[in-house]
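> The following block contains a protein sequence and its predicted model.
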Amino acid sequence: MKKYAEERGILLDIINGVEDHVHCLLRLKTTQCVADIIREIKGESSFWVNRKIILDTKFEWQKGYGVFSVSPDDINRIRKYIYNQELHHQGQTYNQEVNNLIKTK
């Protein structure tokens, strides 16, 4: 996913995930649209997984996605958070994580 993004001028700073979701830190240019970038990354990655026959069934991403803007001052903290996804999700599920994010907003 990172290589594909780089080849298309998308700065995918860091990416990591667990079995049911992925977190990415993207740096968008003023000419780039979040929806277009996500559609490209999700589309190409699902095409790649299905072309390589990695799974027994057809792979599809969920229909939606979440987007959060990040202050430049928080970039290193967000990188660390994304890098440590496996450890982070030992303590809570994806649904718990989302619910906690909503409660803090």
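All right, it came through fine.

> The helix or strand containing Ile14 pairs with which strands?
Using DSSP states H and E, Ile14 sits in strand 11-18. Partner strands and pairing direction for strand 11-18 (DSSP bridges) are strand 21-27 (antiparallel).

> For the strand it pairs with, list every residue counted as buried.
Using 16 or more other CB atoms under 10 Å as the test for burial, strand 21-27 gives Val22, His23, Cys24, Leu25, Leu26. All C-beta spots, glycine's among them, are computed from the backbone N, C-alpha and C.

> got the CA coordinates for it in PDB?
Only the C-alpha atoms of strand 21-27 are listed here, as PDB (Å, rounded to 0.1, in the frame of the first residue of the first chain):
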ATOM      1  CA  HIS A  21      -8.600  -2.600  10.300                       C
ATOM      2  CA  VAL A  22      -5.700  -0.400   9.300                       C
ATOM      3  CA  HIS A  23      -4.400   3.000  10.400                       C
ATOM      4  CA  CYS A  24      -2.600   5.300   8.100                       C
ATOM      5  CA  LEU A  25      -1.000   8.700   8.600                       C
ATOM      6  CA  LEU A  26      -1.400  10.600   5.300                       C
ATOM      7  CA  ARG A  27       0.000  14.000   4.400                       C
END
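
> So which bits of whatever helix or strand comes next after it are buried?
Once the chain leaves strand 21-27, the next helix or strand it forms, by DSSP H and E, is helix 34-52. Buried residues in helix 34-52, defined by neighbour count with 16+ other CB under 10 Å: Ile37, Ile38, Ile41, Lys42, Ser45.

> can you check stretch 7-18 too?
Ile10, Leu12, Ile14, Ile15, Asn16.

> which of the buried residues of strand 21-27 lies closest to Leu55?
Using CB to CB, Val22 is the member of the buried residues of strand 21-27 that lies nearest Leu55, at 15.3 Å.

> I figured that closest one hits Leu12, correct?
No: contact criterion CB atoms under 8 Å: Val22 and Leu12 do not qualify, at 10.7 Å.
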